[in-house]
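Student: Model the structure of this input:
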Amino acid sequence: MFLVAFFQIIVLLTAINAEFSSRLLDSVLQDYAFRAFVRPRTGIPYDGNVPFNYTGIKVSALRLRSGSMRRRGVSKYKEFHIPIGVLEQPYVERLVLVYHNLANWSDLYYPLPGHIHLTPVLGILTYDASNLSSINLPELDIRPSKNPILINFSSIVKPVPMGLLPKCVYFNLDGAVEFDNILNGNVCKTTKQGHFSIVVEFTTAAEPEPEPEPASGGDRSGGRKNWVIFGSVVGGFVALIFLVLLIACLNKYDKKKKIDRMEEAADRGVPLLMTKIGNTKAPIASETRTRPSLENEYLP
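Tutor: Numbers count the residues shown, from 1 in each chain. Presented below is the predicted three-dimensional model:
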């Protein structure tokens with residue numbers, strides 16, 4: 001019973017880890033973004049409603065004709081500016097641009113060790129619009145042919161800590177991370193779809209000297225993280241040993257109970273003389289035995 005419970009805990013931890021998969025989240029948000037198209041009109045963004053367990057995340061969907069996006073672009077779709085000349089692969093007649101704002105979920109789905117997010121993680125993904133009731137759709141590949149796509153974070157960026165240099169970060173769909181310089185203070189550029197944010201590296205700080213050295217705060221943070229990981233591993237090992245010992249004790253207790261029940265059942269049967277040998281009781285034969293009879297005793 002306890003062993004089953006232990007494996008259930010392992011399955012639960014695996015499920016929790018899977019729950020924070022960014023690709024799984026993309027699939028979920030695609031579904032809820034498409035649900036916003038009740039009576040869709042081309043070129044108008046529709047905000048979707050996410051389930052309760054994703055409260056805080058914002059999602060939106062914008063349906064466009066492929067040719068219209070290529071010729072005109074999209075001057076403003078939330079924080080994104082889609083330039084003229086964006087092409088998609090494979091070609092579709094209509095497509096949907098799905099917008100993500102992960103808000104307070106950004107660090108869970110897109111953690112970046114050694115860095116702090118100054119903005120929520122924003123995403124833009126492209127899907128085929130031929131069937132608006134589809135789920136688990138693969139993304140189309142979009143690429144600007146001239147100017148890059150711009151993301152303006154000016155309305156959602158936090159103040160930059162003194163002495164730190166903010167950077168644009170791009171999270172590719174395959175899990176790769178790329179950094180780039182910021183344009184005009186709060187603008188990032190990209191030639192690919194995916195997720196974006198502005199971050200600062202908190203393990204280094206600007207110093208008056210020409211060659212700044214790493215601050216000690218980052219080392220303490222890294223050491224603290226290592227101790228947390230070590231403590232978790234040791235704690236899990238100790239818990240496993242305790243669980244094994246507990247199961248062994250329970251098995252021993254159950255075996256003793258069975259022996260006690262068997263002895264009680266024997267006592268309720270034909271009474272036998274018992275003697276104690278060490279810590280164990282054993283039956284013994286009676287001292288008076290039946291005398292044997294000789295054959296000649298029955299002769300006349």
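
Student: only C-alpha atoms for contact and neighbour calcs from this point on.
Tutor: Noted.

Student: all strands for the stretch 101-250 of the chain, in order.
Tutor: Taking DSSP state E, counting those that start in this stretch as the criterion, the stretch 101-250 of the chain contains strands spanning 115-117, 122-128, 141-144, 149-152, 166-171, 177-180, 187-190, 194-201.

Student: so which of these gets nearest Ala61?
Tutor: strand 122-128 (9.6 Å; CA to CA).

Student: Quick one: the helices in the stretch 151-300 of the chain, in order.
Tutor: For the stretch 151-300 of the chain, applying DSSP state H, counting those that start in this stretch gives helices covering 216-267.

Student: Give me the below-cutoff pLDDT ranges for it.
Tutor: 203-235, 263-276, 278-300 (pLDDT under 70).

Student: Please parse this protein into its domains.
Tutor: 13-214, 215-262 (automatic domain parsing).

Student: Format those domains as a markdown table; extra columns: distance to Ile277.
Tutor: Formatted as a markdown table, the domains of the chain follow (distance: least, CA to CA, whole Å):
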| stretch | distance to Ile277 |
| --- | --- |
| domain 13-214 | 53 |
| domain 215-262 | 17 |
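
Student: Now do the same contact list for Lys189.
Tutor: Pro148, Ile149, Leu150, Ile151, Leu183 (CA atoms under 8 Å, 6 or more residues apart in numbering).

Student: same thing but at 7 Å, please
Tutor: Pro148, Ile149, Leu150, Ile151 (CA atoms under 7 Å, 6 or more residues apart in numbering).

Student: out of the residues you listed, which one sits closest to Arg65?
Tutor: Ile149 (17.9 Å).

Student: Roughly how far does the closest one sit from Ser106?
Tutor: With the distance defined as CA to CA, to the nearest Å, Ile149 ends up 21 Å from Ser106.

Student: next one: Leu112
Tutor: Computed with CA to CA, the distance linking Leu112 and Ser106 is 10 Å.

Student: Same question for Val86.
Tutor: 27 Å.

Student: Just want to know which of those two has more residues nearby.
Tutor: Val86 (24 against 19; other CA atoms under 10 Å).

Student: what sits opposite the closest residue to Lys76 other than its chain neighbours in the beta ladder?
Tutor: In this structure, Lys76 finds its nearest non-sequential neighbour in Ile82, 7.3 Å apart by CA to CA, 6 or more residues apart in numbering. With DSSP bridges as the criterion, Ile82 is bridged to Val74.

Student: Also Val59?
Tutor: Beta-bridge partners, per DSSP bridges, of Val59: Gly48, His100.

Student: quick revisit: out of the contacts of Lys189, which is most surrounded?
Tutor: Ile151 (24 neighbours).

Student: any idea how far Val38 is from the nearest residue to that one once chain neighbours are set aside?
Tutor: Sequence neighbours aside, Phe80 is the residue nearest to Ile151 in space, at 4.6 Å (criterion: CA to CA, 6+ apart). Distance of Phe80 to Val38, computed by CA to CA: 24 Å.

Student: Neighbour count for these two, which is higher?
Tutor: Neighbour count, other CA under 10 Å: between Phe80 and Val38, Phe80 has more, with 21 against 9.

Student: you'd agree that one is up against Ser154?
Tutor: No. Phe80 is beyond contact range of Ser154, at 11.6 Å (criterion: CA atoms under 7 Å).

Student: residue ranges of the helices in the stretch 1-150 of the chain, please?
Tutor: 2-19, 22-34, 66-72, 106-109.

Student: chain center to the last one: distance?
Tutor: Distance of helix 106-109 from the chain centroid (CA atoms, centre = their mean, to the nearest Å) equals 10 Å.

Student: And for stretch 128-142, what's in contact with it?
Tutor: In contact with stretch 128-142 (CA under 7 Å, 6+ apart) are residues 27, 31, 34, 86-90, 92, 94-96, 125-127, 192-193.

Student: In that stretch, which residues are buried?
Tutor: For stretch 128-142, the neighbour count (16 or more other CA atoms under 10 Å) marks Asp128, Ala129, Leu132, Glu139, Leu140, Ile142 as buried.
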